[in-house]
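Visitor: fold the following and give me the result.
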Amino acid sequence: MKTHFIAIGGSAMHNLAIALKDKGYQVTGSDDAIFEPSKSRLEKRGILPEELGWFPEKLTSDIDAVILGMHAHADNPELAKAKELGLKIYSYPEFLYEQSKEKTRVVIGGSHGKTTITSMILHVLNFHRKDIDYMVGAQLEGFDCMVKITQDNDFMILEGDEYLSSPIDLRSKFLLYQPNIALVSGIAWDHINVFKTFDDYVNQFRKFVSTITPGGVLVYNEEDKEVVKVVESAENYFRKIPYSTPDYEIVDGIVHLKTDMGDIPLSVFGQHNLLNMEGARFICSQLGIMEEEFYEAIMSFKGASKRLEKVERPDGGLLYKDFAHAPSKVKATVAAFAEQFEKTETFGFLELHTYSSLNPVFLEQYDHAMDGLDNAVVFYSEDALKIKRMEPISPELIKEKFKNENLKVFTNAEDLHDYWGSLDKTKGAFVMMSSGNFGGLDLTK
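Guide: Numbering: from 1, shown residues only. The predicted model follows:
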């Protein structure tokens, strides 16, 4: 089968391209920008485009499938050529469904926690050498490629994102998977550039639940009132399995789960991670993993990439980086960090750089988000606001919206880097929250 990727360099797209190459497909692709690690990984497989840019001549009538990434625009010249030739054009989630429609599909959805839960499930299955197809959005220890598609496996685990499918398909990605087994971890307004109201956002989850196949299973977080409302309003038939935070205690800095089999020591911390773990446990039980098998495996789970991931520093300082940038994620990370290091001085740094987080209206959602920290810092770039053609934001407004008068606010990278350099990293615990890089800050120095 011949496939062509428009925007092959994306973190999800390049993994799918590699998975198809491993499956024996002929794979080509284009992009106008490809960064590491995508570049090296595509090059290793022999499918890195020879030059950057869009080349309509790459599209020929013998191509079986064109896979269109979100990075491409609706007026992309290769897309126009594919339409002209009458080729079959798929969004990323559409193609994943086509590859898994004869399998039992397990879809993990939610505003937060879905990557971690998917990663936990894969870790447990990998530990017990149970082969399964999958797609997950973060790099996981022990896995080379984060997409796997085979001819023979009966199950496929899919991280279900509520963002748009492609430039020409404005449906949420997770609406295309039609899960047999689903999970919803939580609902907190996100992607306000697409979903203009909270109800519009919640409606995506109502639609998602309605796509569960008849007689399927929904595992859901019963501690989230919005999730419970969605589940209770569903009109289709499926089995409902609620989950909540398990009992635990922290002993000498190690989190221990309290179970019928005794205390289970863990390598991760934070109430939100334990809640995620409980959701993963119920999904694994649907896949034939016994409770004791789950706990045996989960003890060695160290976390998904950039989810409270420890950064090794030469001075031995306690430093973690976290993908948190949406308000609900920031609050969960701060709460976890404050609990884990309650006897240590804590420093939290948050970078605001997405469309949502730089929107003055949406900033209301960050109220008290950093309150659990001894020292809280917010960084955003005034230059980034100009590039995004957004109105200026004052540091005073940030403090007002966060409802935190002690907040330190930096608006240019140089000042932030100077402040970072003035801190003794061997004293205290530090957490860096961003999907960016704090203006190129080196976390090892």
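
Visitor: the helices in the stretch 251-400 of the chain, which residues?
Guide: 271-286, 291-298, 327-340, 382-387, 395-402 (DSSP state H, counting those that start in this stretch).

Visitor: dump these into CSV; add distance to His417, mean neighbour count and mean pLDDT as well.
Guide: Every C-beta, even on glycine, is put in place using the N, C-alpha and C of the backbone. As requested, those are exported to CSV (distance: least, Cβ to Cβ, whole Å; neighbours: other Cβ atoms under 10 Å; pLDDT from 0 to 100):
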stretch, distance to His417, mean neighbour count, mean pLDDT
helix 271-286, 30, 23, 96
helix 291-298, 38, 18, 96
helix 327-340, 22, 22, 92
helix 382-387, 15, 12, 76
helix 395-402, 17, 16, 93
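
Visitor: for the closest residue to Gly288 other than its chain neighbours, report the pLDDT, please.
Guide: In this structure, Gly288 finds its nearest non-sequential neighbour in Lys130, 7.7 Å apart by Cβ to Cβ, 6 or more residues apart in numbering. For Lys130, the model assigns a pLDDT of 95.

Visitor: list the contacts for Lys130?
Guide: Leu287, Gly288, Ile289 (Cβ atoms under 8 Å, 6 or more residues apart in numbering).

Visitor: who wins for most neighbours among those?
Guide: Sorting those by how many neighbours each has (other Cβ atoms under 10 Å) puts Ile289 first, at 21 neighbours.

Visitor: so what does that one have for phi and psi?
Guide: In terms of degrees, to the nearest 10, the main-chain angles of Ile289 are phi -90, psi 120.

Visitor: what separation do you get for the closest residue to it other than its chain neighbours and Gly279?
Guide: The spatial neighbour of Ile289 that comes closest, neighbours along the chain excluded (Cβ to Cβ, 6+ apart), is Val124 at 6.1 Å. Separation of Val124 from Gly279 (Cβ to Cβ, to the nearest Å) stands at 12 Å.

Visitor: now Thr259
Guide: 16 Å.

Visitor: Phe5 too?
Guide: Per Cβ to Cβ, Phe5 is found 32 Å from Gly279.

Visitor: and Thr60, by the same measure?
Guide: Remark: distance between Thr60 and Gly279 (Cβ to Cβ) = 45 Å.

Visitor: same question, Phe155
Guide: Phe155 is 17 Å from Gly279, by Cβ to Cβ.

Visitor: list the contacts for Phe238?
Guide: Ala182, Val209, Ile212, Thr213, Pro214, Gly215, Gly216, Val217, Leu218.

Visitor: for it, give me phi and psi.
Guide: Backbone torsions for Phe238, taken as degrees, to the nearest 10, come to phi -160, psi 160.

Visitor: follow-up on the earlier one: JSON lines for the helices of the stretch 251-400 of the chain, including distance to Val66?
Guide: What follows is the helices of the stretch 251-400 of the chain, written out as JSON lines (distance: least, Cβ to Cβ, whole Å):
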{"stretch": "helix 271-286", "distance to Val66": "33"}
{"stretch": "helix 291-298", "distance to Val66": "39"}
{"stretch": "helix 327-340", "distance to Val66": "34"}
{"stretch": "helix 382-387", "distance to Val66": "31"}
{"stretch": "helix 395-402", "distance to Val66": "43"}
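
Visitor: quick one: closest of these to Ser111.
Guide: Each of the helices of the stretch 251-400 of the chain has some distance to Ser111 by Cβ to Cβ; the shortest is helix 327-340, at 6.2 Å.

Visitor: what's the closest one in contact with?
Guide: 111-112, 186, 188, 190, 250, 253, 255, 269-273, 308, 320, 322-324, 346, 348, 350, 365-366, 368-373, 429, 431, 433.

Visitor: not counting residues beside it along the chain, what's closest to Ala413?
Guide: Closest residue to Ala413 apart from its sequence neighbours, by Cβ to Cβ, 6+ apart: Gly439 at 2.7 Å.

Visitor: I misspoke; the intended subject was Gly303.
Guide: Leaving aside its chain neighbours, Gly303 sits nearest to Val268 (5.1 Å; criterion: Cβ to Cβ, 6+ apart).

Visitor: so how far is Lys310 from that neighbour?
Guide: Computed as Cβ to Cβ, the Val268 to Lys310 distance reads 10 Å.

Visitor: if you count surrounding residues, which of those two has more?
Guide: Val268 (21 against 12).

Visitor: so what pLDDT did that one get?
Guide: Among the per-residue scores, Val268 shows a pLDDT of 92.

Visitor: make sure it is actually in contact with Leu308.
Guide: Yes - counting by Cβ atoms under 8 Å, Leu308 is a contact partner of Val268 at 6.9 Å.

Visitor: taking the contacts of Phe238 one by one, which sit in strands?
Guide: Of those, the ones assigned to strands by DSSP state E are Ala182, Gly216, Val217, Leu218.

Visitor: got a winner among these for most neighbours?
Guide: Of the ones in strands among the contacts of Phe238, with other Cβ under 10 Å as the count, Ala182 tops at 27 neighbours.

Visitor: what's the spacing between that one and Tyr243?
Guide: To Tyr243, Ala182 is 13 Å away according to Cβ to Cβ.

Visitor: overlap in contacts, those two.
Guide: Common neighbours of Ala182 and Tyr243, using Cβ under 8 Å, 6+ apart, are Val219.

Visitor: and the contacts of stretch 197-205?
Guide: Contact with stretch 197-205 is made by 109, 162, 172, 174-175, 184, 187, 189-192, 195, 226-227, 230, as judged by Cβ under 8 Å, 6+ apart.

Visitor: out of the residues you listed, which is most surrounded?
Guide: Greatest neighbour count in the contacts of stretch 197-205, by other Cβ under 10 Å, goes to Gly109: 31 neighbours.

Visitor: for it, which non-adjacent residue is spatially closest?
Guide: Here the residue nearest Gly109, using Cβ to Cβ, 6+ apart, is Gly160, at 3.8 Å.

Visitor: thought the one you found was touching Gly113?
Guide: No - judged on Cβ under 8 Å, Gly160 makes no contact with Gly113 at a distance of 11.6 Å.

Visitor: give the residues shared as contacts by those two.
Guide: Common neighbours of Gly160 and Gly113 are not found (criterion: Cβ under 8 Å, 6+ apart).

Visitor: if we can go back for a sec, narrow the contacts of stretch 197-205 to those in helices?
Guide: Judged by DSSP state H, the contacts of stretch 197-205 include Glu226, Val227, Val230 as members of helices.
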